[in-house]
Every structure is written in C-alpha cells, then in structure tokens.
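Predicted coordinates and the sequence they were generated for:
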Amino acid sequence: MLLEGIETLLALSHEKTMSKVGSQLYISQSAVSKRIALLEKKLGKKLIMPEGRHVRLTPAANELIANIGPTFQELQGQIYEQHALLDKTIITLNCSETLVAGYLATMMGDYFKHDSAIRISTDHTPRIIEKVQSGKATIGFCAGHLPPHHGLKAIFLWKEPFVLVSQSPLQILPTQVLTNDLSNPANRYQLDILSQLGIEPLMEMDSYTASAQLALGGIAPALVPLSIVKALKIEAQYCFNFAQLQPLFRPVHLCLRPNTYHNERVKKLLVAIENAVPKEV
C-alpha cells in the first residue's frame, strides 16, 4: 500500500487533480483520496491541501518526491524490464506532439500494417523521460534538451531548426515573437538565446500549432520548429529564416531503458523512426 501511495502522490504532482490521477491509474477518485490518506497516516505528515478544483502539494510532499521519486521510478523501470517483449506485446511510444505530426504520421501508418502492437501517446519531454524511466513507456521520442542524469540510452537524431512564421514579410528579426512554453525545462534554453538577439516572448503557448495559427492570423511572428511547418503545410511565403537563429535549434532524441534496446522489435522500430526524421534541412 505504501508503494501505491507514493505512485499516486507522484501522479498528483503532475496532474494536480484527483480525477485526472484516477484516470491515469485506472482507479476511482475515491481510491485516489484513500491512497493519499493512508500514505499521510503512515508517514504522519500532511501531503496535500485543497486548492479549488485542484490540490496543492505541501512542502513535506515536495521533499518526499525529491528524495524518493527518482528511486521509485527506477524501481518501476527495473520491474518493467522483467517483462518479455514478445511479438504481440504492446510497445508504447511516448512522443512530442510536434514530432508525431511532422515525422511519424505517414511512416507509422505503413509500419502499423506489419506490427500493430504499438501504442502512441504524446507528452512534453520531461514527462516523456519520466515515463520511460519508470517503464510506463517503452520508447520516448523527445524534442528539446533532455534533463541531466536521466540514466537512459539516448539516440541523437538531429538538430531541428526553428522557422519564423509570419503573415507579413519579415526583412529583419522581429522584436517580439510568439513562443512555446519557456517554463518547460526542455525549452528554457530558448529564452537566453532570444534575449541575446533582443527578442521578447510576447505570448507563450502550450502548443506550437496554436502559435503558428496565431501568427498566420496576424497577431505576431511565431517561432516554430520545422516539424510544425511540415505538419501544417505552411506555405513558403509565410516562412522566414535568419542566420542569427541558427543556434536556436531543438535537439531530437530517441530514448529508452538500456536493456530494452536489445529487443529486436524495439530496434526495428527505432530504425524506422530514425529513417523518418530528416538528416538535414
């Protein structure tokens, strides 16, 4: 029961609501509350506080997560590695949404005809890494900088360039742009580069698609990766490249637990994804 409580608390730290955690863990909302209550009783500490429709973790909960979260995820991952990946065993592929839209859509349609025991989900890079570490995802397909000391086998694919999308022609770099969420650790490096170029993030979106569409609507230029240009089929007349933006790229990686890499089905899927990603612009 203690491990169940810790798993539930970790999920709450991401999802913020009992109902979302229940959906993720396939248990009822009341079961989520019961698990947390039992964990609080066992530890003798208050771990969550109500905050409207959400819950807020107490300092004691945050300390607990910082101390045992990585160890718990590693334990889950080692348990996952004991499962055999047979021909019909589900391989879970957790990906950046932009990479799925830009590079995997066509390729996976063909691949699925030969191996349909694959399930694709989307997430942000920090969450993808956590899911692969814990074995909740077999393979991660990540965009942006990976967190340090992740302990996974990371396969670098390429440096995906950014493009400025604008309804109006751009002769020089704009002073304001629409960006993705720069509080995301995988994207935070972009802020320093933009600052050095004298560019201010006007609005931060949780979706590159939203940024691109707002730019095409005339709000302001948007900084979007090439995969979004490809997925949305944005015409060349609305896309602008500047030499100053070359340092502003997204590292694209595949990541998985080291032992998982030795499975032949996994290796075959890795090669297919790698072949679907451009090697250069």
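Sure, I can see it. Numbers count the residues shown, from 1 in each chain.

lowest-pLDDT helix or strand in the protein?
The weakest-scoring helix or strand in the chain, judged by mean pLDDT, DSSP states H and E, is helix 59-80 (a mean of 77).

Could you list every helix and strand in contact with that helix?
helix 2-15, helix 125-134 (3 or more C-beta pairs under 8 Å, 6 or more residues apart in numbering; DSSP states H and E). For every residue, glycine as well, the C-beta is placed using N, CA and C.

Dump those helices to CSV, plus distance to Lys230.
Conversion of these to CSV gives the following (distance: least, C-beta to C-beta, whole Å):
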stretch, distance to Lys230
helix 2-15, 29
helix 125-134, 19
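
Lowest average pLDDT across those?
Per-stretch averages of pLDDT across the helices and strands packed on helix 59-80 put helix 2-15 at the bottom, with a mean of 80.

Now mean neighbour count and distance to Ser28 too, for the helices and strands packed on helix 59-80, in CSV please.
Formatted as CSV, these follow (neighbours: other C-beta atoms under 10 Å; distance: least, C-beta to C-beta, whole Å):
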stretch, mean neighbour count, distance to Ser28
helix 2-15, 18, 12
helix 125-134, 23, 22
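
To Ala220, which of the ones you listed lies closest?
With C-beta to C-beta as the criterion, Ala220 lies closest to helix 125-134 of the helices and strands packed on helix 59-80, at 25.1 Å.

The helix or strand just after that closest one: partners in the sheet, and parallel or antiparallel?
Per DSSP states H and E, the first helix or strand lying C-terminal to helix 125-134 is strand 139-143. Applying DSSP bridges, strand 139-143 is found paired with strand 91-95 (parallel), strand 249-256 (antiparallel).

okay, and for the chain, where does confidence drop off?
1, 77, 79-87, 281 (pLDDT under 70).

Quick check: longest strand in it by residues?
The residue-count maximum for a strand in the chain (DSSP state E) belongs to strand 153-165.

Residue nearest the middle of the chain, spatially speaking?
His124 (2.0 Å; C-alpha atoms, centre = their mean).

Was I right to think it contacts Ala186?
Yes. Taking C-beta atoms under 8 Å as the definition, His124 is a contact partner of Ala186 at 6.7 Å.

Name the residues contacting each of these two.
Contact criterion C-beta atoms under 8 Å, 6 or more residues apart in numbering; no residue bridges His124 and Ala186 by contacting each.

quick revisit: Cys142: which of the helices and strands packed on helix 59-80 is closest?
Here helix 125-134 is closest among those (C-beta to C-beta), at 4.5 Å.

which helices and strands sit right next to the longest strand of the chain?
For strand 153-165, the packing partners by 3+ C-beta pairs under 8 Å, 6+ apart come out as helix 208-216, strand 222-225, helix 226-232, strand 239-240, strand 249-256, helix 264-276.

now the angle between helix 125-134 and the fifth one, please.
Strand 249-256 and helix 125-134 meet at an angle of 20 degrees, taking axes from the mean of the first three to the mean of the last three C-alpha atoms, to 10 degrees as the criterion.
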